[in-house]
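Q: fold the stuff below for me.
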Amino acid sequence: MKFIKTTTAIVIATFMGVAAMAQKLNSAQVPPVVKASFAKAYPAAKTVKWEKEKGDFEAGFKQGGNEISAIFKADGTQLESELEIKIISLPAPALAYVKQNYKGAAIKEAAKITKANGEVNYEAEVKGKDLLFDSTGKFIKVTED
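A: Numbering: from 1, shown residues only. This next block holds a predicted model:
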């Protein structure tokens with residue numbers, strides 16, 4: 001009986017972990033209001049790939065040669081956009097923070113995040129973790145990638 005309870009708990013935990021991860025969607029699975037909001041904000045977007053994560057809809061696409069992702073709530077409200085940038089474009093304090101706190105580690109990717117209210121943050125991916133910085137390059141927090 002103990003084996004069945006343990007196995008059931010493991011199966012439930014695994015299912016919940018998988019459900020929390022990003023879920024790829026086809027365009028038909030995205031609410032029309034979200035697609036309309038996206039089209040208005042990014043009329044020149046090419047080849048949009050949709051995902052659902054934590055109840056929100058994320059569009060990954062290219063525009064003007066740039067890799068961009070935009071996150072929308074189910075009602076079509078845009079929460080933020082993320083623009084891939086060159087690592088050297090991160091604010092100097094952010095680069096210094098990585099060099100000091102992650103000695104010998106390379107930054108794999110960098111991005112500029114613009115929230116709906118205009119607030120700008122930067123993100124640096126190091127060792128499979130996302131390091132978040134404010135607009136001046138001051139460290140905010142670490143999140144798992």
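
Q: so where do the helices sit in this structure?
A: For the chain, applying DSSP state H gives helices covering 2-20, 32-41, 92-101.

Q: the ones you listed: lowest mean pLDDT?
A: Per-stretch mean pLDDT for the helices of the chain is lowest at helix 2-20 (a mean of 39).

Q: what's the burial count for K112?
A: Neighbour count for K112, taken as other CB atoms under 10 Å: 17. Where you see a C-beta, it was placed from the backbone N, CA and C, and this is true even at glycine.

Q: for it, give me its contacts.
A: Residues near K112 by CB atoms under 8 Å, 6 or more residues apart in numbering: 82-83, 85, 89, 120-123.

Q: please pick the buried ones from those residues.
A: Buried by 16 or more other CB atoms under 10 Å: 82-83, 85, 121-123, out of the contacts of K112.

Q: got the buried residues for stretch 45-60?
A: Residues of stretch 45-60 classed as buried under the neighbour-count rule (16+ other CB under 10 Å) are 45, 48, 50-51, 57-59.

Q: now do stretch 125-136
A: Within stretch 125-136, the residues scored as buried using 16+ other CB under 10 Å are 125-126, 130-133.

Q: need these in JSON lines with distance to K73, can you?
A: Compiled in JSON lines, the buried residues of stretch 125-136 are given as follows (distance: CB to CB, whole Å):
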{"residue": "E125", "distance to K73": "25"}
{"residue": "V126", "distance to K73": "29"}
{"residue": "D130", "distance to K73": "21"}
{"residue": "L131", "distance to K73": "26"}
{"residue": "L132", "distance to K73": "21"}
{"residue": "F133", "distance to K73": "25"}
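
Q: just the closest of those to T77, please.
A: Ranked by distance to T77 (CB to CB), the buried residues of stretch 125-136 are led by L132 at 21.7 Å.

Q: tally of neighbours for Y97?
A: By other CB under 10 Å, 19 other residues sit near Y97.
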